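>>> sequence first, then the predicted structure:
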Amino acid sequence: MRIERLSENDLVSLSEIFHQIWGEISSLEKMKSTFSRLKANPAYFLLAAKQDNELVGFAMGVICEELYGECKPFMVVEDVIVDQRQRQKGVGSALMRELEKYAKDCECCQIIFVTESNRKDALGFYNALGYEYEPYKGFKKIIK
């Protein structure tokens with residue numbers, strides 16, 4: 001398996017993995033448009049995990065800037081997903097390690113993300129990678 005930057009050629013496979021996990025159909029046209037914007041923005045780090053040239057996982061890290069203290073950047077992680085047929089094979093761990101390397105290269109002071117508290121498998125996965133569970137309350141508002 002290898003970890004590399006996501007390419008536009010990966011988007012069809014990525015949409016299939018998103019559908020597999022969340023049951024939503026993604027608009028390939030919108031994905032391509034969004035991908036072009038994200039690829040041009042150096043704050044976004046889009047990773048693809050590939051096995052035999054097939055996409056088996058994806059992760060996104062976003063570098064954010066801070067305006068207090070030492071004004072150190074931090075990384076927000078979003079959409080760490082692995083094809084259901086490829087779980088428990090080190091794909092997610094490899095993606096997270098690569099995100100961590102990039103965060104260090106960017107001199108980030110921390111990596112933060114949220115996962116649903118009922119996802120015991122995800123909680124165990126992140127804990128095994130050294131992430132501490134913090135019982136913060138998250139808020140969400142759907143914008144229509």
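Here it is on my side, so go on.
>>> list of residues touching whichever helix in the chain runs longest?
Counting by DSSP state H, the longest helix found in the chain is helix 91-105. With contacts defined as Cβ atoms under 8 Å, 6 or more residues apart in numbering, helix 91-105 is touched by 1, 3, 45, 47, 49, 51, 56-59, 61, 63, 74-75, 77, 80, 82-83, 111, 125, 129. Placement of C-beta: from N, CA and C, glycine included.
>>> just give the number of residues close to the closest residue to Glu4 other than its chain neighbours.
For Glu4, ignoring the flanking residues on the chain, the nearest one in space by Cβ to Cβ, 6 or more residues apart in numbering is Ala48 at 5.6 Å. Neighbours of Ala48 under the rule other Cβ atoms under 10 Å: 20.
>>> most distant residue from the middle of this protein?
Relative to the mean C-alpha coordinate of the chain, counting by Cα atoms, centre = their mean, the farthest residue is Gly69 (26.9 Å).
>>> helix/strand/coil for that residue?
Put simply, Gly69 is coil when judged by DSSP: H, G, I helix; E, B strand; the rest coil.
>>> ok, now how distant is the residue lying closest to Gln84 once chain neighbours are set aside from Val80?
Leaving aside its chain neighbours, Gln84 sits nearest to Gln20 (5.8 Å; criterion: Cβ to Cβ, 6+ apart). For Gln20, the distance to Val80 equals 14 Å [Cβ to Cβ, to the nearest Å].
>>> Asp121 too?
Relative to Val80, and taking Cβ to Cβ, Asp121 is found at 12 Å.
>>> and Leu6, by the same measure?
Look at Leu6 and Val80: by Cβ to Cβ, they are 13 Å apart.
>>> now swap in Ala48 and tell me
Per Cβ to Cβ, Ala48 is found 12 Å from Val80.
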